[in-house]
Structure formats: C-alpha cells, structure tokens
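Participant: Here you go, sequence then predicted model.
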Amino acid sequence: GWAQVNGRNAISWEEKFKLDVWYVDNRSLWLDIKILFMTVKKVFVSEGISADGHVTMEKFKGSSK
C-alpha cells in the first residue's frame with residue numbers, strides 16, 4: 001500500500017493513517033502501478049523496514065487525538 005512504500009515501519013501510526021486516507025482520496029490505476037514498482041524497489045533496497053530502536057513497528061496504542 002501507499003503507507004508501506006512511503007515509510008512502512010519507520011513512520012508513526014498517525015502518518016500511516018494520513019497516507020492511507022490520501023491513497024483512498026487519490027486512488028487510480030496509475031497510482032497502483034506506481035506502488036507496485038515502488039514495492040519492488042523497496043524489497044531490493046530494504047528501506048524503512050524497522051523503526052528507529054525497534055526490530056519492528058511499535059504496537060498501535062490508539063490515536064493521540
């Protein structure tokens with residue numbers, strides 16, 4: 001998804017939600033194709049897999065708002 005190719009575990013839950021909402025508002029075939037290509041690139045580069053100081057993403061604890 002859009003949040004995964006734009007940070008995956010290296011971004012906060014709030015940022016993931018913002019990116020997911022942006023994707024829903026802007027979804028298109030071309031955006032999906034772009035996500036597919038970005039996914040392949042991310043797999044080979046191993047970018048954004050872990051958050052700083054964590055092996056994986058921290059557990060979701062609810063929104064701060």
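Facilitator: Nice, I can see it. Numbers count the residues shown, from 1 in each chain.

Participant: elements contacting the one helix or strand residue 16 maps to?
Facilitator: Using DSSP states H and E, residue 16 sits in helix 13-26. Counting contacts by 3 or more Cβ pairs under 8 Å, 6 or more residues apart in numbering; DSSP states H and E, helix 13-26 packs against helix 2-5. C-beta: built from backbone N, CA, C; applies to glycine.

Participant: Mind listing residues that contact the helix it packs on?
Facilitator: 11, 15-17, 19-20, 22-23, 31, 35, 38-39, 42 (Cβ atoms under 8 Å, 6 or more residues apart in numbering).

Participant: per-residue confidence averaged over that helix?
Facilitator: On average, the pLDDT along helix 2-5 is 86.

Participant: Residue 30 and residue 36, how far apart?
Facilitator: 11 Å (Cβ to Cβ, to the nearest Å).

Participant: ditto for residue 20
Facilitator: 17 Å.

Participant: ok, the two, which is more surrounded?
Facilitator: residue 20 (14 against 11; other Cβ atoms under 10 Å).

Participant: That one is in contact with residue 1, isn't it?
Facilitator: Yes - at 6.8 Å, residue 20 counts as touching residue 1 under the criterion of Cβ atoms under 8 Å.

Participant: ok so, going back, could you rank the contacts of helix 2-5 by neighbour count and give me the top one?
Facilitator: Going by other Cβ under 10 Å, residue 16 tops the contacts of helix 2-5 with 20 neighbours.

Participant: what about the closest residue to it other than its chain neighbours, neighbour count?
Facilitator: The shortest distance from residue 16 to any residue other than its chain neighbours is 4.2 Å, reached at residue 3 (Cβ to Cβ, 6 or more residues apart in numbering). By other Cβ under 10 Å, 18 other residues sit near residue 3.

Participant: just for the chain, where's the confidence low?
Facilitator: Flagging of the chain using pLDDT under 70 yields the residue ranges 46-61, 63-65.

Participant: what comes into contact with the longest helix anywhere in it?
Facilitator: Of all segments of type helix in the chain, defined using DSSP state H, the longest is helix 29-45. Residues outside helix 29-45 that contact it (Cβ under 8 Å, 6+ apart) are 1-2, 4-5, 8, 23, 48.
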